[in-house]
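Asker: Build me a structure from this.
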Amino acid sequence: KSNHGFAIDLGFDFKVSNRSTVALSVLDLGSINWNEDNLIYSSITTQGPVIYEGLDLSEFINQGNSSVEYLESLTDSIYDAFNVTESSESFTYTLPLQIYGTYELAVGKNGSVSATTHLIQKPQNTQLNYNLSYSGQVKEWLNYTIGYSSINNTHGNVGAGLSFNFKAGQLYFVSENIPGLINYRNSNHTSLRAGFTFTFNGSDKKKKSEMEGLPEEFPNVPQVDIDQEVSDK
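Answerer: From the prediction side, this is the model:
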């Protein structure tokens, strides 16, 4: 409806050497404006702390009231005790800001190791997660990754992922916690991400077309026989 927001993601990567790369990204930089269908509860007490003693359950049962009536009476007593008021004023909610930092180092012919830190700024707290992983290539069309993560103050999260490379894209599946994905009912954290990435690369065709457009010999440049010039000297 009229509750609109806007956010952007920023990122860059820097090639430190032929075998190492550093990357940094800032995600969810924005907010949501809540202007419609919102309800704010507030409590203002002017006489210091409030001690809420609840309702006398035995007295309530003896009156033969239903559970619905009991909950309504409980709510009314809480409202009265804490002087709760309602309002529908507009407010702005800042999205939890996320910052990723990654260092990747090539290992062997087709492998790489990486270390990633993930900082997420929530209204109630700030969390710092990390991930250590190894990625390799089985075939030209198949890549894999395995890793260890600390997520939401939980440790021992073993993750893995697969990516299938096609001519015009890549299909991938990745989870930060494989055991938690299998036993999700007893897991503190789990996730499964999947997607398809389209790739467009016209550099080879461009270079080929540029080379085809060049003459075999430049007419304005004198052709020199190097062997003949060396022998003359």
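
Asker: For the longest helix along the chain, output the C-alpha coordinates as CSV.
Answerer: Longest helix in the chain by number of residues, with DSSP state H as the criterion: helix 67-82. Listed next in CSV are the C-alpha coordinates belonging to helix 67-82 (Å, rounded to 0.1, in the frame of the first residue of the first chain):
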residue,chain,number,x,y,z
SER,A,67,-11.6,-18.3,28.8
VAL,A,68,-12.3,-15.5,26.3
GLU,A,69,-13.8,-13.4,29.0
TYR,A,70,-10.8,-14.1,31.2
LEU,A,71,-8.4,-13.0,28.5
GLU,A,72,-10.4,-9.8,27.9
SER,A,73,-10.4,-9.0,31.6
LEU,A,74,-6.6,-9.7,31.7
THR,A,75,-6.0,-7.4,28.8
ASP,A,76,-8.1,-4.6,30.3
SER,A,77,-6.3,-4.9,33.7
ILE,A,78,-2.9,-4.7,32.0
TYR,A,79,-4.0,-1.6,30.0
ASP,A,80,-5.2,0.1,33.2
ALA,A,81,-2.2,-0.8,35.3
PHE,A,82,0.4,0.4,32.7
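
Asker: next one: that helix to chain centre, how far?
Answerer: 41 Å (CA atoms, centre = their mean, to the nearest Å).

Asker: The helix or strand hosting Thr102 - which strands sit beside it in the sheet, and in what orientation?
Answerer: Assigned by DSSP states H and E, Thr102 belongs to strand 97-107. Counting by DSSP bridges, the strands paired with strand 97-107 are strand 20-34 (antiparallel), strand 111-121 (antiparallel).

Asker: got a list of contacts for the longest one?
Answerer: It stands for strand 20-34. 3-16, 90-106 (CB atoms under 8 Å, 6 or more residues apart in numbering). Glycine gets a C-beta too; all of them are placed from N, C-alpha and C.

Asker: try 7 Å this time
Answerer: Strand 20-34 is contacted by residues 3-16, 90-105 when judged by CB atoms under 7 Å, 6 or more residues apart in numbering.

Asker: Would you mind listing the buried residues in that strand?
Answerer: The neighbour-count check on strand 20-34 (16 or more other CB atoms under 10 Å) flags Thr21, Ala23, Leu27, Asp28, Trp34 as buried.

Asker: list the contacts for His118?
Answerer: Gln98, Tyr100, Asn129, Tyr130.

Asker: On the strand side of things, show who Gln170 bridges to.
Answerer: Asn165, Thr197.

Asker: I meant Ala160, not that one.
Answerer: Ile146, Ser175.

Asker: Over to Asp13?
Answerer: Ala23.

Asker: And for Phe91?
Answerer: Going by DSSP bridges, Phe91 forms beta bridges with Trp34.

Asker: oh, and call the first residue 5 from now on, that's how I've got it
Answerer: All set: I'll call the first residue 5, so the last point we hit is now Phe95.
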